[in-house]
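Student: Got a sequence here, can you build the structure:
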Amino acid sequence: MGYYGVMETIERLGGRQRDPQTDIAAVEAVLDLVSTGATLSGLSLVAIAKHAGVSRNSLYRRWKTKDALYLDVLDSINGPLPEFAGPTALDDVAEHLAVLAERTVDRRASRMRLALNAEAEVFPELHRRYFEEIVAPRREAMFKAIRRGIESGEIRPDIDVALVNEVLVSPMLARMASRNLDDLDPVTSSRRITQLVLDGARPR
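Tutor: Numbering: from 1, shown residues only. Next comes the predicted model:
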């Protein structure tokens, strides 16, 4: 199982822990199908169950709607955020950015996020919950790392924290959208982007 986030998602689900292997199989099935060109609206729980090799009823017991299943899939492809343990704010920012980079080079994870963006109007509630429950906490973690740099004097105090975050993550999002991922090394690329951006944000 390549997605350590799946087990964390299952733990978060509380009452749905009767058969973790079924949950994992369903998540993997959605990722497989979307990565081969299926749309979120085109998939059905029946098709997902068939691909996963599980019964349709087992899926319906866990997820009453595709939105609920898709939200758990999206949660599973995001690894846990690292702790703030670096010697500098730059180290923390780079490590957080590397988590996004790892999901970006994972083609199934990228295709899932692109599929959601392509059908945001079809799944407005799923889109809203994805940003509120999954994206927002990660954005706030990056804000915290940037604010640490302000407090330590590594970053000038008049900087726009939200703008710095956008500049940091934009190269990764652009790579994901273009699917130009062959030479993207998560650790090296994240460090280079962070150094470039934070050099421009240093006190003068």
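Student: thought residue 172 was touching residue 101?
Tutor: Yes - if you go by Cβ atoms under 8 Å, residue 172 and residue 101 touch, sitting 5.6 Å apart. For every residue, glycine as well, the C-beta is placed using N, CA and C.
Student: where does residue 157 fall, phi/psi-wise?
Tutor: Dihedral pair for residue 157: phi -70, psi -20, per degrees, to the nearest 10.
Student: tell me the contacts of the closest residue to it other than its chain neighbours?
Tutor: Nearest residue to residue 157 in three dimensions, chain neighbours excluded: residue 150, at 5.4 Å (Cβ to Cβ, 6 or more residues apart in numbering). Taking Cβ atoms under 8 Å, 6 or more residues apart in numbering, we find residue 150 in contact with 156, 157, 159, 161.
Student: can you list those residues in TSV and add pLDDT?
Tutor: Listed next are the contacts of residue 150 as TSV, based on pLDDT from 0 to 100:
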residue	pLDDT
156	91
157	93
159	92
161	95
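Student: Quick check: of those, which lies closest to residue 112?
Tutor: residue 161 (28.2 Å; Cβ to Cβ).
Student: where does the closest one sit relative to residue 203, distance-wise?
Tutor: For residue 161, the distance to residue 203 equals 15 Å [Cβ to Cβ, to the nearest Å].
Student: same check, this time on residue 115
Tutor: Separation of residue 115 from residue 203 (Cβ to Cβ): 42 Å.
Student: The two: which has the busier surroundings?
Tutor: Neighbours per residue (other Cβ atoms under 10 Å) separate residue 115 from residue 203, with residue 115 holding more: 24 against 11.
Student: Tell me the predicted confidence for that one.
Tutor: As predicted, residue 115 sits at a pLDDT of 94.
Student: does it really touch residue 41, like I thought?
Tutor: No - checked against Cβ under 8 Å, the pair residue 115 and residue 41 is beyond contact range at 9.4 Å.
Student: Distance check, the residue nearest to the spatial centre of the chain against residue 35.
Tutor: Closest to where the C-alpha atoms of the chain average out (Cα atoms, centre = their mean) is residue 78, at 3.9 Å. Using Cβ to Cβ, one obtains 17 Å as the distance from residue 78 to residue 35.
Student: what residue ranges in this structure are flagged as low confidence?
Tutor: Within the chain, the stretches with pLDDT under 70 are 1-19, 181.
Student: related to what we said a few turns ago, return the subset of the contacts of residue 150 lying in helices.
Tutor: Counted as lying in helices by DSSP state H, out of those, are residue 161.
Student: Just the buried subset of the contacts of residue 150, please.
Tutor: 159, 161 (16 or more other Cβ atoms under 10 Å).
Student: can you list the domains in the chain?
Tutor: Per automatic domain parsing, the domain ranges recorded for the chain read 4-75, 80-200.
Student: Can you give the distance from the first one to the centre of its chain?
Tutor: In this case it means domain 4-75. 17 Å (Cα atoms, centre = their mean, to the nearest Å).
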